[in-house]
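Trainee: predicted model follows, preceded by the sequence.
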Amino acid sequence: MEISELLLLHYTMNTKEITYNLCKTYVDKRLETIEEIISSNQKALQSETKSSAGDKHETARAMLQLEMEKAGQQLASISQMRLILAKIDLKNSSKNVHLGSLVSTNKATYFLSISAGQFMVANKPIFAISLSSPIGKLLLGKKENEEFVFNGQLFKITSIE
């Protein structure tokens, strides 16, 4: 789903749903990029022919192999992100912070899902973070009005969706 489509759906979706869909779009775009890299590297490996400078040929092949391994690791990471997003039940509301919670604090708003960075939703920054991130670990299980310290700053949870 493109970001412009998400903006059109803004009136029928809440902030949590919009953020979830932005995370899905983020993962889809990363997958597309990695697939393009893999395809490009596969073509380069196939077209690589033995030249008179054998060492150069072997070095080029080794570099392409390393790039393929790196892309494979990124592909595995994307698969993991998809699994995490699939576990999120947007209808599940709880008084405790859990996977899929949209948590507003006095400092920022966080969507506990995958590590996708900052999104702007209704002119408000929302940070998509993983449960394994330092602040994700601190938020997990907390309730509204609870406080915690992160990087020397006091945070207070103002709402949980």
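Mentor: Thanks, I have the structure now. This one's a predicted model, so the numbers in the text were calculated from it and none came from an experiment.
Trainee: I'd guessed residue 41 sits against residue 66; true?
Mentor: No: assessed by C-beta atoms under 8 Å, residue 41 is found out of contact with residue 66, at 9.8 Å. The way it works is simple: take the backbone N, C-alpha and C, and place the C-beta from them, glycine included.
Trainee: more neighbours: which of these two?
Mentor: residue 41 (18 against 11; other C-beta atoms under 10 Å).
Trainee: surely that one forms part of a helix?
Mentor: Yes: under DSSP: H, G, I helix; E, B strand; the rest coil, residue 41 falls within a helix.
Trainee: for the nearest residue to residue 74 once chain neighbours are set aside, grab the count of nearby residues.
Mentor: Sequence neighbours aside, residue 34 is the residue nearest to residue 74 in space, at 5.1 Å (criterion: C-beta to C-beta, 6 or more residues apart in numbering). Residue 34 sits with 18 neighbouring residues when counted by other C-beta under 10 Å.
Trainee: residues contacting residue 34?
Mentor: Applying C-beta atoms under 8 Å, 6 or more residues apart in numbering to residue 34 gives the contacts 71, 74, 75, 78.
Trainee: leaving out the residues flanking it, which one is nearest to the most centrally placed residue in the chain?
Mentor: Taking C-alpha atoms, centre = their mean, the centroid of the chain lies closest to residue 116, which sits 3.1 Å from it. With C-beta to C-beta, 6+ apart as the criterion, residue 116 has its nearest non-adjacent residue at 3.9 Å, and that residue is residue 128.
Trainee: which helix or strand lies directly C-terminal to the helix or strand residue 66 falls within?
Mentor: Counting by DSSP states H and E, the element that carries residue 66 is helix 54-87. Per DSSP H and E, the first helix or strand lying C-terminal to helix 54-87 is strand 102-105.
Trainee: any regions of this structure where pLDDT drops low?
Mentor: By pLDDT under 70, the weakly predicted segments of the chain are 1-12, 48-57.
Trainee: what domains does the record give for it?
Mentor: Using automatic domain parsing, the domain ranges for the chain come out as 3-87, 102-160.
Trainee: distance between the ends of the last one?
Mentor: When you say that, I think you mean domain 102-160. End-to-end distance of domain 102-160: 6 Å, with C-alpha to C-alpha, to the nearest Å as the criterion.
Trainee: ok, now stretch 123-138?
Mentor: Using C-alpha to C-alpha, first and last residues of stretch 123-138 are 26 Å apart.
Trainee: in that stretch, which residues are buried?
Mentor: 126, 127, 128, 129, 130, 131, 135, 136 (16 or more other C-beta atoms under 10 Å).
Trainee: much appreciated, bye for now.
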